[in-house]
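Trainee: Fold the following for me, if possible:
(2 chains)
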Amino acid sequence: MAWFNSHLLTNVVFSPLLWAGLGFLIPVSKQYEAGFLKFWTLVGTIITFIFSVVLYIQFDPNVFEFQFIEFVPWIAELGISYHFGIDGISLWLILLTTFLSPIVILSSFSAIGHRLREYYFLLLVLESAMLGAFVSLDLFLFYVFWEVMLVPMYFLIGIWGGKERIYAALKFFLFTVVGSLLMLVAIFYLAYLHKIQFGVYSASILDLYRVRTLANGIFSPQALLFLAFALAFAVKVPMFPLHTWLPDAHVQAPTAGSVILAGVLLKMGGYGFIRFAFPLFPEAVRIFQVAFLILGTTAVLYGAWVSMVQPDIKKLVAYSSVSHMGFVIIGLFSLNSISVTGSIYQMLNHGISTGGLFLLVGILYERRHTREIKDFGGITRVMPLFSVAFMITALSSIALPGTNGFIGEFLILLGTWKEHPMLAGVSALCVIFGAIYMLWAFQRMMFGPIKNKENETLKDLNFREIVVIVPIIICIFFMGIFPNFFFNKMNASVQKFLSQAGESSTIVYRSIPPQEVKRARQ
Amino acid sequence: MLGLIIGFPLLGFLVNGIWYLVFQSSPSAKKANSVVTGLISTLAISVSLAISLWLFYKFSLVSESSRVIEQKIFSWIQFSGLQVDFILRLDALSLIFCLVISGVGALIHLYSIGYMAHDKTPGKFFAYLNLFCFAMLILVLGGSLPVLFLGWEGVGLCSYLLIGYWYEDYEKAIAGKKAFVVNRIGDFGFLLGMFLIFTSFGTLDFEFLRLSVIQGNAPNLPHLIESGTVTAICLLLFLGCTGKSAQIPLYVWLPDAMAGPTPVSALIHAATMVTSGIYLVARMNFLFLLSPTAMQIVAVTGGLTAVFAGTIAVAQTDIKKILAYSTVSQLGYMFLGCGVGAFSAGVFHVVTHAFFKALLFLGAGSVIHGMHEEQNILKMGNLRKHMPKTYLVFLVAWLAICGIPPFSGFFSKDEILWKTFSSHGGSIWLWVLGVLGAILTAFYMTRLFVLTFLGDYRGSNDNKIHDSPSVMIVPLQILAVFSLLGGLIGIPHFSWIEHWLLPVIPHHEIEDLSSHSLEWILMGVSVLVAVVGIVFIFRFYRNLNRANELKQKFSRLYEIIQHKWFIDEIYEFLLVKPIHAFSKNLWLEMDVGIVDRLMVGFGKFSQWSGQGLRVLHTGVVQIYLVFVLLGAFLALGYLIYGMV
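Mentor: Residues are numbered from 1 along each chain as shown, chains lettered A, B, ... in the order given. Take a look at the predicted model:
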């Protein structure tokens, strides 16, 4: 128990992997294999979720430094170590990952029919890799997890995907790998700089935060280093114009793959900016700030416009991701406490609502084996529960107040308005276009008479599917009404982030105690 | 206490909604009865009404300055840099709206039990209705802009859901989406206005904002006024109002919204939700008063809308469409009042309008119900004989909206017209717009009334026509009493409502340009205009041939008006189609054609260059790794020696 407590992060990160390994060793007769694998994996991810809840409970919101630190030298000569630790930002991304994982597993029960053993094994490996990337404080270690993450995803798309799965998988893989190679070089270079400035190699970011580099113009070392990191993260986010792998990957991936991809992998990009690119290269951020803001704004509108005309519902959701993640970029690069908090929140929101949308689309796909919007119509009559769930998730995606989406977009736009009113104003147009693409698609699929005979006999959500979708819906409202639950444990880390990355401006919120209002009134 | 006002409708929504989802939603479920579920939701909103009435009583006991109750429900958004609490605040203004919402709301809930008796899913209907009341009460009770916005979007959502309530009719679903999207255009303005307030004043709370402006302790207030920031704030907020309250240029959704069930049209699209724009302007009156430009724009928009919508209404044949355009026109009146600085007159008209317009819609609903879903007034006639009770209450509502004394509409409309003429911000031209609107109102309402209730029956079979059950008639009769007497709260010079609103809407000096005798003369003019209009139309439409002759004579004009000045078609042509085409090109030409090809092109390039370097492809992984490392070190070497 003591070991468990002192190595909490190791336990969280490696429990899915361990569970996957154990599962392989247990011999099960062919007859029961499928059932066993499903429940074994489900239990494994639930255990991991419970571990991460322990993490949440023990996390101290008042501490500015990293918590649950674990440090073991790995390749000491090069300063590479097994270095884990989390702050209030990674805490929530870990919880998002462990929360989505059991949901994803449960949603795959009927969707995946062949090669179950490999499928569930890969999902568990993927979970470990993602968690590892979120807790790594050593850049090299982070890089290892970052690359390991690609492999299971590559196979998930390539083996269990749709018709064009090989092309999509390869595109996904190449975009990400090419993007991150320069990051590897930059990591080596940073370790070397540390050697020059402090006498030893180090890849730990706690050390590297102290490294000083020259930042005078866009070809200065710091600017180039920043770009090397930014390229890797921008591909992942994905930022316009590096987003074109996303629609293909999403459409071809199996439902579980899409949910994980949208829910967690895209967050890896935003997280990378927050943890590495911004604090390591604060001056370079200033150099490219406006460019990134403009690209982010472009993504917001571009994604919304392109979503509007998609004939394929999954592609529509994929492009809407581009739009939503554009908001994250805007918020981060506006660099004040409101916009950055909004960005982090938007990452969680996007994981929940877009994840939810992919789950729902997957449920429909299982029944009809089509994703074309025009093949549906009038579904509400035969699937009323599905329709309610879809409506709520769609509303969260278009940021209706009361749902999680509103808090994120509101904070990002409010914060950005303070720094760049024009860009915030243009991005806010998404309020209109978001409603158009989402409600139009919803109306074409769910309303009207049933035109297609095959839709007459569709079954509404079954019990398992309700169990899959209800946690998402609860989250949507909970995060929309009680965002403070999340901000409480996030606030200190955001403050620290801003002090490292440099705040654009401090926001003074004026509020007066009620007694004074009363006095003034009389 | 305030929490309970919004809490009960929420409870009603949850009970009905969950009951519906669990037991009623499946297509094979037994058809539900509208009575039980209807009574639950009626009870829920009645409790809100009771609490509002009790608070009203409490308020009337205490002095003006202490007529405020504030309750913090929970802390909504809070971290260093921002604090938005979920605060409800009841003052004189929001109390009036609360009473109207819960009072008219309760009657309409009751009425719906009868109206929705044959519906398949009453549980869903009443759940939505309660949810609407919940959101609407939040809108008027919200103590800060974000909380108000929560209600603002909430009522928009309910409006969307209820317009498309019969979703299997695709036209209705489209009308719902149109309402939502057009409203969102307004919300875009609202959001930006909110941001601008935050960055200018550093707060989003109404009370604090008001105090900063009134006591002048807002940092650099003169600068904000001078630089036009205040005007920009007001206009952005007003853009939101034009969406929600259906003013030019965003009114187009409201007539289509008539696709919803008639009680919904009465509650949401006549009595309450569409007045939230007036609420917002009245709430922010201290800010609007700082910007004469914004005020002028509000007044002109209101006046133009009042006339413009009136012209469309005269040539419509759908009973609900006429009432919809009439609502747009009356809302224009309210903004005209607000725009000339007579905010309390605007609010007064909100109240009386809620009574008589709800009555008109519910009466129309009773007609539609009795005529078995017939909405075309040309196929009605002589319903006086078949539906005497409905006829009687409709008569009251008709006289009220035409502005005949002593019916309620007369007082509020006359107040607005007088203020438009006499106040500092008003002018004779705005007054003329108002009077024109009044003439048009008398015109289309009398036409509607005569064609529906008088003359000969023009439908096919009048045997089946029946008057409505008393669960529908009683609410109508109550509303009729209020439509008759409601004006008494605003008798000129003894206006109770103006006095009541003083803590929120202080008297700013309205210059009396003229004497009392002029006031009487103008009052006489507006009454005379209405009476002449009524008599004229009366004679015309008793004999339809004469009306048809006129129609022939001005056939082109008639055509244009009947097609609503082709505004929908113009929007379609100028906005909807181009945006759609643009998006399509953006996707196919830009995204697939250029961006993706470029990105994949990089890959193709390396593949192509790889062909030449095929000799190196030995298939031995170790050698590849050596190359990778070599490359990495080369890049590293460049970084180290090239730049440091």
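Trainee: can you give me the helices for the stretch 101-250 of chain B?
Mentor: Per DSSP state H, counting those that start in this stretch, the stretch 101-250 of chain B carries helices over the ranges B:122-141, B:145-163, B:170-201, B:206-214, B:221-226, B:229-244.
Trainee: Test my guess that B:Q477 contacts B:V393.
Mentor: Yes - B:Q477 is in contact with B:V393 according to CB atoms under 8 Å; the separation is 6.1 Å. C-betas here are computed from N, CA, C, even on glycine.
Trainee: circling back: need the helices of the stretch 101-250 of chain B in TSV with mean neighbour count and mean pLDDT, can you?
Mentor: Converted to TSV, those look like this (neighbours: other CB atoms under 10 Å in any protein chain shown; pLDDT from 0 to 100):
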stretch	mean neighbour count	mean pLDDT
helix B:122-141	27	94
helix B:145-163	25	94
helix B:170-201	22	93
helix B:206-214	20	87
helix B:221-226	14	83
helix B:229-244	24	94
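Trainee: Distance to chain A for the ones you listed - can I get that in CSV?
Mentor: Formatted as CSV, the helices of the stretch 101-250 of chain B follow (distance: least, CB to the nearest CB, whole Å):
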stretch, distance to chain A
helix B:122-141, 9
helix B:145-163, 4
helix B:170-201, 4
helix B:206-214, 5
helix B:221-226, 13
helix B:229-244, 10
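Trainee: Can you name the residue of the stretch 101-250 of chain A nearest to chain B?
Mentor: A:T244 (4.0 Å; CB to the nearest CB).
Trainee: before we move on, which element is the residue lying closest to that residue once chain neighbours are set aside in?
Mentor: Of all residues not flanking A:T244 in the chain, B:D596 sits nearest, at 4.0 Å (CB to CB, 6 or more residues apart in numbering or on different chains). Following DSSP states H and E, one finds B:D596 within helix B:596-612.
Trainee: next one: A:V467
Mentor: Per DSSP H and E, A:V467 falls inside helix A:463-481.
Trainee: buried residues in that helix?
Mentor: Using 16 or more other CB atoms under 10 Å in any protein chain shown as the test for burial, helix A:463-481 gives A:465, A:468-469, A:471-473, A:475-476, A:479-481.
Trainee: Could you do stretch A:91-110 as well?
Mentor: Residues of stretch A:91-110 classed as buried by neighbour count (16+ other CB under 10 Å): A:91-109.
Trainee: near chain B at all, that stretch?
Mentor: No - against chain B, stretch A:91-110 shows no contacts by CB under 8 Å from any CB of the partner chain, the least distance being 13.4 Å.
Trainee: So what's the gap between that stretch and the chain middle?
Mentor: Stretch A:91-110 has its average C-alpha position 12 Å from the chain's average C-alpha position, going by CA atoms, centre = their mean, to the nearest Å.
Trainee: residue contacts, the residue of the stretch 351-500 of chain B found nearest chain A?
Mentor: Closest residue of the stretch 351-500 of chain B to chain A, CB to the nearest CB: B:W500 (16.6 Å). Contact analysis of B:W500 by CB atoms under 8 Å, 6 or more residues apart in numbering or on different chains lists B:92, B:96.
Trainee: cool, A:F486 as well?
Mentor: Contacts of A:F486 (CB under 8 Å, 6+ apart): A:92, A:345, A:348, A:479.
Trainee: Just the residues you listed: which are in helices?
Mentor: Here DSSP state H is the test, and the contacts of A:F486 give A:92, A:345, A:348, A:479 as lying in helices.
Trainee: how about those in a markdown table, adding pLDDT and distance to A:T176?
Mentor: Below are those laid out as a markdown table (pLDDT from 0 to 100; distance: CB to CB, whole Å):
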| residue | pLDDT | distance to A:T176 |
| --- | --- | --- |
| A:W92 | 95 | 23 |
| A:Y345 | 95 | 25 |
| A:L348 | 95 | 22 |
| A:M479 | 94 | 29 |
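Trainee: Tell me the one among the residues you listed nearest to B:A294.
Mentor: Distance to B:A294, by CB to CB, is smallest for A:Y345 among the ones in helices among the contacts of A:F486, at 33.7 Å.
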